[in-house]
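Student: only geometry, no sequence info:
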Ligand SMILES: Nc1ncnc2c1ncn2[C@@H]1O[C@H](COP(=O)(O)OP(=O)(O)OP(=O)(O)O)[C@@H](O)[C@H]1O
């Protein structure tokens, strides 16, 4: 920024002295200037490196903080927020914010420094001329404020629409088999295109706003130069300005013009980043409605796992008007097996969710060994619970890694541990049949495995956890006889010595359970041994069993045909 000042001095020296007298001064000025240029270049290189790496560190921290904040949210939050949207926030929004704090911030700071120093130097060289020239600033500032607000709003809308498009794409690509089976590719393409069309409309509005703003700032830059020429010429004519001062002034005016362009880009990117950032801060600062890692821990040696539900009232947060449980009470003694039966949609899986503290009841208590689970640290409590669901979800990594996922610290699990539980879960033999054995990759959500294989791996995973409490959601879809036998045998081994709540669909499970509870209309209507419930001629259990027997007969009939 000092170059124009010295150049002005050089011109004045040349202009006012005979040529023989200027050589020394000229040499000194040029040496000084080249020193300044070298320092400037080095500073510039350092600036780029430091700002870029600092910016990238900010983006990394932003992503990590956001991911950990997402993982700590209560499950009800995920009922309302789509995965696609969260993925979009994590990747696209952070990238946009990242861009505005990396190259953009560094260029913006540079342009800002240049502009303020240039203005200072203008006042230093000629306050009169500077005051005249800077009369363009107030209208430009007003335009910038209006433009900034508009751009923030547009950027937020664009990111929201992009999130919707990502959500659609993520869901459809993830379920490509269903899309293909129903032949809905064309419809899905159209849906996606209409979503990205809207993003394009928003981008066009943004382009129009940018065109107007950049036009205005470009014009202001040029007007500054023009007004220097005009007013400067007049001042020079009245001997109030030297030719060197006018030259310096012109160069500063030119630099300020360039800085205004740089500042406009910076401002544009900053507003876009802030627009996208709004949602990011909301997510990062969101306090989970249920605690994540707070509360008391019970003594693991005396922990037995006796469960009791007392007068539970519950409605899902997304459907507060539908009361699912009214006065639900159930007691499961430590080490016993309770089978839960009831019509479809009566809330059997919801009981499992309440026990895992994915949701809290509106009123009533759930206790374990007499302690309200709301007092317990949920992170600790869940280490005491094992689950095997109807459709177990595996992660897209190796079989060994999926089994090790059951342990508190998967990195501490040995190959022997994994092989042992796989053996008990009747999974070892089919795993060994794969060429890669335990290193076989299972694909997204375990798609490369059959239903029975997935279940047995899920059982091995639960066995590794060695929980006191076991929550089983029996598969409704029929496995073939051999698979059914292998899964059942593995489940029987898994259940040994634990408190088990099993959502039962098979007659054999119901017969073998210590007691059976029938869930209907939001409460337990019958509870007792299989034979006792069957003896009640008007009970729902008897009706359900009759229906089940009928279904089993028709299945056999269909097979015979
Ligand atoms: N996350 C949710 N948000 C809102 N409502 C839900 C949610 N999950 C389930 N429901 C509703 O709660 C009710 C009970 O569902 P739940 O899955 O517990 O029934 P279920 O007895 O296990 O059914 P099935 O035997 O068919 O598996 C259903 O009406 C269902 O639509």
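Tutor: Happy to help now that I have it. These numbers were taken from a predicted model, which means no experiment stands behind them.
Student: alpha carbons only for contacts and neighbour counts from here, please
Tutor: Fine.
Student: isn't residue 375 right next to residue 291, touching?
Tutor: No. Proximity of residue 375 to residue 291 does not meet the contact threshold set by CA atoms under 8 Å, at 10.1 Å.
Student: For the two, indicate the residue with more neighbours.
Tutor: Just comparing residue 375 and residue 291: by other CA atoms under 10 Å the higher neighbour count belongs to residue 291, 17 against 12.
Student: For that one, which residues are in contact?
Tutor: 74, 377-378 (CA atoms under 8 Å, 6 or more residues apart in numbering).
Student: Just give me the closest of those residues to residue 408.
Tutor: Nearest to residue 408, judged by CA to CA, of the contacts of residue 291 is residue 378 at 13.7 Å.
Student: For that closest one, list the residues it contacts.
Tutor: Here residue 378 is in contact with 291-295, 357 (CA under 8 Å, 6+ apart).
Student: Up against the ligand, what does this structure have?
Tutor: Within the chain, the residues that sit near the ligand (CA under 6 Å from any ligand atom) are 79, 316, 318-319, 344-350.
Student: Those in helices, which ones?
Tutor: Secondary structure defined by DSSP state H assigns 79, 348-350 of the residues of the chain next to the ligand to helices.
Student: Write the PyMOL selection for whichever of the residues you listed are buried.
Tutor: Here is the PyMOL command that selects only those of these that count as buried (16 or more other CA atoms under 10 Å):
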select buried, resi 348+349+350
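Student: Would you format the ones in helices among the residues of the chain next to the ligand as JSON lines with distance to residue 267 and pLDDT included?
Tutor: Shown next, in JSON lines, are those (distance: CA to CA, whole Å; pLDDT from 0 to 100):
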{"residue": "79", "distance to residue 267": "37", "pLDDT": "90"}
{"residue": "348", "distance to residue 267": "55", "pLDDT": "91"}
{"residue": "349", "distance to residue 267": "52", "pLDDT": "90"}
{"residue": "350", "distance to residue 267": "50", "pLDDT": "93"}
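Student: so which of the ones in helices among the residues of the chain next to the ligand comes closest to residue 505?
Tutor: For these, the residue nearest residue 505 by CA to CA is residue 348; the value is 11.3 Å.
Student: which one is that closest one nearest to, not counting chain neighbours?
Tutor: residue 503 (6.6 Å; CA to CA, 6 or more residues apart in numbering).
Student: Residue 287 too?
Tutor: In space, and not counting its chain neighbours, residue 287 is closest to residue 73: 7.4 Å by CA to CA, 6+ apart.
Student: any chance you could read off phi and psi for that neighbour?
Tutor: The phi and psi values for residue 73, taken as degrees, to the nearest 10, are phi -70, psi 150.
Student: cool, and residue 309?
Tutor: The phi and psi torsions at residue 309 (degrees, to the nearest 10) take the values phi -100, psi 130.
Student: okay, now it: neighbour count?
Tutor: By other CA under 10 Å, 20 other residues sit near residue 309.
Student: residues in contact with the residue nearest the centre of the chain?
Tutor: Compute the mean C-alpha point of the chain, and by CA atoms, centre = their mean the closest residue is residue 86, 3.8 Å away. By CA under 8 Å, 6+ apart, the contact list for residue 86 reads residue 163.
Student: tell me the SS of it?
Tutor: helix (DSSP: H, G, I helix; E, B strand; the rest coil).
Student: All good on my end, thank you.
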